Each structure stands twice: as C-alpha cells, then as structure tokens.
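Participant: need a structure here:
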Amino acid sequence: GLHPSQMYEYYSTKPNGFVQDWQHPDSKASMLKTQHPDFENWSQGTHGKAGVSCADCHMPFVREKGQKYSSHWVTSPLKNLQNSCRTCHTQSEEWLLSQVKSNQDQTWQLLHMTGQTIARAHEATGRAAANPAADPAELAKARELIRKAQWYWDSVSAENSMGAHNPAGNLNILGQANDLAHQAIEAAGKADSSPAK
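Facilitator: Numbering: from 1, shown residues only. Just a heads-up that it's a prediction; the model follows:
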C-alpha cells in the first residue's frame, strides 16, 4: 500500500518472519524503520494525484543554445521556481515560496511535538516494564501503540520534502501518530498501576 496504515498492516503480519528493524532501548518495543517514503507520500498528495511527475518539479525543462532538455541538476524546486513551479502555477514566486514554507513550518511543528510525545511514551513504557507487578497485556498494548505511532511519525520524518509533497496528508498522519503515542502513555500507566495477572 501507499499509506502508512496499509504498510503497517503488512508488517503486522510479520512477513517472512520479519519482526523488527531494531528494538528501542527504553520501551523494548520492536520498531520499524521507514525507508525512503518520498514516492508514497508524493503519490497521495495533490501533485501525485494530478499526474505531475518527480522530474516535472525536480528536473524541469531548460533551454540552452536552442535545445530543450530536462535539467540534470536534481534539486529542490524552490531553487528554480520559475522553471519548476510557474509552468503550471500562475501565482508569483513569492506567493508560491510562502505557501511551501508555511506548509513546511506547520509540518515541522507537529513533527517535533509528536516526536516528543513518542519519546514520553517510550519512557513511560520503560518505567512500567521496570515494575515487576506490571500488567503484561497492557505493557504489550503500549509497545504496539508506540511501534505504530513511531511508524507513522517516521513516514513523515524520513521523507525529504518536510510536508511539501503532501501537506494535508502529512498533518493527518502526524495527528494520528500523536494520538497513538498518547494511547501508549495511557496503556503504560495502566500497566504500571495494575497487578500482574
């Protein structure tokens, strides 16, 4: 699948016996690492759905000595708004730049806040696990929620556009990650206060 929820569902089946990329040292949760989610993220955004290709923005057409060709300087469209963006968009370069920067700032703020919430979830789960009377079912629930929260968070964090490829989708994914992390903290609290069964 192309959405983090679809990918997470696939990994939840432990395909070919694969359980984790690494184990978190505090929570002991089995973690997954998102690998290069740029395509998936872009495909769910406005440009991807409109059929705008990677090369359209990152390798725009240039002219030199009467020849038209795709630039081989693969870089941020923000470094060449005239050729990368204004072939489709009629707004000014200043307006386009402010829109992208605003989307990136909002994504960064929620990414940072969610990352802190996930870190607190790892700490809370680690504290609960240190209690010999911790409820194993609630502890397992907390670890699974953290695993999913961090997968969602990483699906945005590991992507290179900082929200530009899919602004609304990224904010939605980060909101879900933040909620999952809060649920993990709650489950860790229940595990810590419950006697072992």
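Participant: list phi and psi for Gln44.
Facilitator: With angles defined as degrees, to the nearest 10, Gln44 sits at phi -90, psi -10.
Participant: quick one: Asp135 and Ala191 touch, right?
Facilitator: Yes. Distance between Asp135 and Ala191: 4.7 Å, which falls inside the contact criterion (CB atoms under 8 Å). For every residue, glycine as well, the C-beta is placed using N, CA and C.
Participant: which other helices and strands does the helix or strand bottoming out on mean pLDDT in the chain contact?
Facilitator: Counting by mean pLDDT, DSSP states H and E, the weakest-scoring helix or strand in the chain turns out to be strand 61-64, with a mean of 90. Packed against strand 61-64, as judged by 3 or more CB pairs under 8 Å, 6 or more residues apart in numbering; DSSP states H and E, are the following elements: strand 67-70.
Participant: following the strand it packs on, which helix or strand comes up?
Facilitator: The helix or strand immediately downstream of strand 67-70 is helix 81-84, counting by DSSP states H and E.
Participant: what's in contact with that next one?
Facilitator: The contact list for helix 81-84, computed with CB atoms under 8 Å, 6 or more residues apart in numbering, reads 56-58, 60-62, 71, 77-78, 93, 96-97.
Participant: more neighbours: which of Asp135 and Ala191?
Facilitator: Here Asp135 and Ala191 are compared on neighbour count by other CB atoms under 10 Å; more neighbours surround Ala191, at 26 against 20.
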